[in-house]
Structure formats: C-alpha cells, structure tokens
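In: Quick check, what structure comes out for this input:
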Amino acid sequence: MAFAAGAAVPLLPFLAGAAGFRAIQAAVVVTLAALFGAGLVLSLFTGRDALRSGARMVLIGAAAGALTYLLGRALGVVIG
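Out: Purely as a prediction, here's the structure:
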C-alpha cells in the first residue's frame with residue numbers, strides 16, 4: 001500500500017486535470033515535496049537532523065528519477 005501511495009504522488013497533477021508542461025512541472029514539485037516530507041518523517045525514527053534527512057531523500061529521489069529517465073531514453077532509442 002505504501003509503495004502504491006508513493007507511486008501515485010507524481011500522478012496527482014495529471015489526475016487533477018493538468019496537462020502538458022505545467023502538469024510535468026507540478027508533478028516534479030509535488031514529488032520533491034513528498035520526498036522531503038518522507039525524509040522529515042524518517043528523521044523522527046533515526047534521530048538525525050530533519051532538514052538534512054529531507055534534503056538527502058530529495059537527492060536520492062532525484063537521482064533515481066534522473067537515472068530512470070535516462071534509461072528510458074536509451075531503451076526508447078534501441079527499441080523504438
């Protein structure tokens with residue numbers, strides 16, 4: 001359930017009726033905010049600095065998103 005909820009976060013702007021580049025911008029902002037929030041909550045369990053934990057989660061999520069995008073582009077060229 002947690003995985004499905006997290007995966008749905010970037011889709012929220014599209015489900016709300018946004019389209020085009022604005023929807024992509026909104027999806028990025030909403031996703032980064034959710035990642036930061038997850039980092040803040042995680043800091044409650046680890047005892048680490050909340051802002052640092054939030055920033056770490058954003059960096060990890062952004063790196064994962066960039067890698068996924070680049071892999072998708074590469075496979076799209078090969079397969080497509």
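
In: packing partners for whichever strand or helix holds R73?
Out: Using DSSP states H and E, R73 maps to helix 50-79. For helix 50-79, the packing partners by 3 or more C-beta pairs under 8 Å, 6 or more residues apart in numbering; DSSP states H and E come out as helix 20-46. For glycine as for every other residue, the C-beta is placed from the backbone atoms N, C-alpha and C.

In: Centre of the chain to the helix it packs on, how far?
Out: How far helix 20-46 lies from its chain's middle: 6 Å, per C-alpha atoms, centre = their mean, to the nearest Å.

In: do stretch 65-80 as well
Out: That offset, for stretch 65-80, works out to 17 Å (C-alpha atoms, centre = their mean).

In: got the contact list for that stretch?
Out: Contacts of stretch 65-80 with the rest of the structure, by C-beta atoms under 8 Å, 6 or more residues apart in numbering, involve T31.

In: From F3, how far off is the nearest residue to V28 once chain neighbours are set aside?
Out: Spatial nearest neighbour of V28, excluding adjacent residues (C-beta to C-beta, 6 or more residues apart in numbering): P10 at 8.0 Å. Computed as C-beta to C-beta, to the nearest Å, the P10 to F3 distance reads 13 Å.

In: Which one's more surrounded, those two?
Out: P10 (18 against 7; other C-beta atoms under 10 Å).
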